[in-house]
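Engineer: pasting the sequence and the predicted coordinates here, then a few questions.
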Amino acid sequence: MDPDSLSSRVQIVSPSLTLSVTSQAKAMRAQGDEVYGLAGGEPEMDTPDHIKAAAAKALQEGKTKYTPAAGIPELREAIAEKLLKDNNLAYEPKQICVTSGGKQACMNAIMAMCDEGDEVIIPAPYWVSYPEMVRLCGAVPIIVETEEKNGWKMTAAQFEDAMTPKTKMVIINSPNNPTGAIYSREELAAIGEVATYEDIIILSDEIYEKLTYGEKKHVSIAEISEELQGLTVICHGFAKAYSMTGWRLGYTAAPPELAAAISKIQSHTTSNATSFAQYGALAALSGPQTFVDDMRNEYDVRRQFVHGRLSAVSNVSVNLPDGAFYFFVNCAAFGLKSQNLCDKLLNRYKVATVPGIAFGNDSSVRLSYCTTLDVLNEGITRFEEFCRDH
Ligand code: PLP
């Protein structure tokens, strides 16, 4: 087949670099290499038993048929209750759409809002898929560079400067992948004020909500005012907080018209998220939350461990992340392109990391700490060796 005959839509997007690093590391392991994986984006712990049991029970009971496209009513209600309890946000269950992962939540939201040529403002470093999703919808990603010294956060002034008459949406991801940055209420209020003035839709990706450390707490931009709730689509998921990456479960919470549009899109693309998996998600929200607290405490220990080690390396710089489970390490001193740097790290030092270019910053690498302390210890030791050798 002639590859040029593929749709122009697909020809302008690149494959996911994060997934490709992970599969490269897997292939090396299959050939007998010991590879220290600091590239992953998923907790290494297993899904809690009560969640697995609830899905297994649903399966046994024959809950194996189509559900409403936007999800089973009990789960939509439980999500609305969660948003009220945790975020002080009132939503009707009909404003919730259960999706096949946080990824589909974001894609649905962009597809429901953006037309050909619309502009979507994305602060960099960004999660790898946002610009590609925007392009797949025929819209144009407008990247706003943020700086390490400002905690990798977009200011309201930068947002305002990036706006044009074509701006339709802005994407805020807090806590952030890859930097771990968390926007404060004041910072969100300032961005929200600009968005409100021009009626810009805010896609607020809150998938790392539960992974915050120290004093910093997650705030949803939708909490700040009713007006902002009316402009925001929250994209969320079960993958990170409950270690349910393979279950493919997420959701959107949106103003009624947008929620209906999202459900309509989903009804013609994938229909419902897997029926029995939805019962697992219900148990995740309504059951004990000790798993989430334990995981957060455990990751805090690893975060401090890695930060202590990286801070002592003279030729890299790094912020202490406030959330998620990544370090975004500034490696500008090496003068290497980030892909080249990660290839060297993988092939010579057997450490898998993700090149910063995947997140729109070519002088950094992302190191994940959602892995065991043993792997982290050896992986960081090898990273230190790399830094000494360069
Ligand atoms: N949003 C962000 C910021 C992410 O990092 C990820 C996954 O890595 C997702 C969304 C998608 O999550 P899911 O696995 O639920 O599709």
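Structural biologist: Okay, I see it. Since the model is a prediction, treat every value here as computed from it, not as a measurement.
Engineer: that's a helix at residue 233, yeah?
Structural biologist: No: read with DSSP: H, G, I helix; E, B strand; the rest coil, residue 233 is strand and lies in no helix.
Engineer: burial count for it?
Structural biologist: With neighbours defined by other C-beta atoms under 10 Å, the count for residue 233 comes to 27. Every residue, glycine included, has its C-beta placed from N, CA and C.
Engineer: moving C-terminal from the lengthiest helix in the chain, which element do we reach first?
Structural biologist: Identified as the longest helix of the chain according to DSSP state H is helix 290-311. Going down the chain from helix 290-311, the next helix or strand is strand 317-318, by DSSP states H and E.
Engineer: can you list the strands that that following strand pairs with?
Structural biologist: Neighbouring strands of strand 317-318 in its sheet, by DSSP bridges, are strand 326-330 (antiparallel).
Engineer: buried residues in the next helix or strand after the strand it pairs with, which are they?
Structural biologist: The element immediately downstream of strand 326-330 (helix or strand, assigned by DSSP H and E) is helix 338-349. In terms of neighbour count (16 or more other C-beta atoms under 10 Å), helix 338-349 has its buried residues at 338-339, 341-342, 344-346, 349.
Engineer: what does helix 338-349 rub up against?
Structural biologist: 21, 24-25, 28, 35, 331, 334, 336, 351-357, 361-365, 382-383, 385-386 (C-beta atoms under 8 Å, 6 or more residues apart in numbering).
Engineer: intersect the buried residues of helix 338-349 with the contacts of the ligand.
Structural biologist: Among the buried residues of helix 338-349, none lies close to the ligand by the criterion of C-beta under 6 Å from any ligand atom.
Engineer: and which of those residues is nearest to residue 121?
Structural biologist: Proximity to residue 121 was ranked across the buried residues of helix 338-349 by C-beta to C-beta; first place goes to residue 338, at 23.2 Å.
Engineer: beta-bridge partners for the residue lying closest to that closest one once chain neighbours are set aside, please?
Structural biologist: Distances taken as C-beta to C-beta, 6 or more residues apart in numbering put residue 355 closest to residue 338, at 3.6 Å, once the chain neighbours are dropped. Per DSSP bridges, the residues bridged to residue 355 are residue 365.
Engineer: thought residue 365 was touching residue 355, still the case?
Structural biologist: Yes: Residue 355 lies in contact with residue 365 (C-beta atoms under 8 Å); the separation is 6.2 Å.
Engineer: quick revisit: pull out the buried residues from the contacts of helix 338-349.
Structural biologist: By 16+ other C-beta under 10 Å, the contacts of helix 338-349 give 21, 24-25, 28, 35, 331, 334, 336, 351-357, 361-365, 382-383, 386 as buried.
Engineer: and stretch 268-277, what's its mean pLDDT?
Structural biologist: In this model, stretch 268-277 carries a mean pLDDT of 98.
Engineer: ok, residue 12 touching residue 138?
Structural biologist: No: Residue 12 is beyond contact range of residue 138, at 9.8 Å (criterion: C-beta under 8 Å).
Engineer: look at the two and report which has more neighbours.
Structural biologist: residue 138 (15 against 11).
Engineer: the helix-or-strand element of the chain with minimal mean pLDDT close to the ligand?
Structural biologist: Among the helical and strand segments of the chain, the one scoring lowest on mean pLDDT, DSSP states H and E is helix 17-30, with a mean of 83. No: if you take C-beta under 6 Å from any ligand atom as the test, helix 17-30 misses the ligand, and the best it gets is 7.3 Å.
Engineer: who does the following helix or strand past that helix pair up with?
Structural biologist: Later in the chain than helix 17-30, the nearest helix or strand by DSSP H and E is strand 36-37. Here strand 36-37 has these sheet partners by DSSP bridges: strand 351-352 (parallel).
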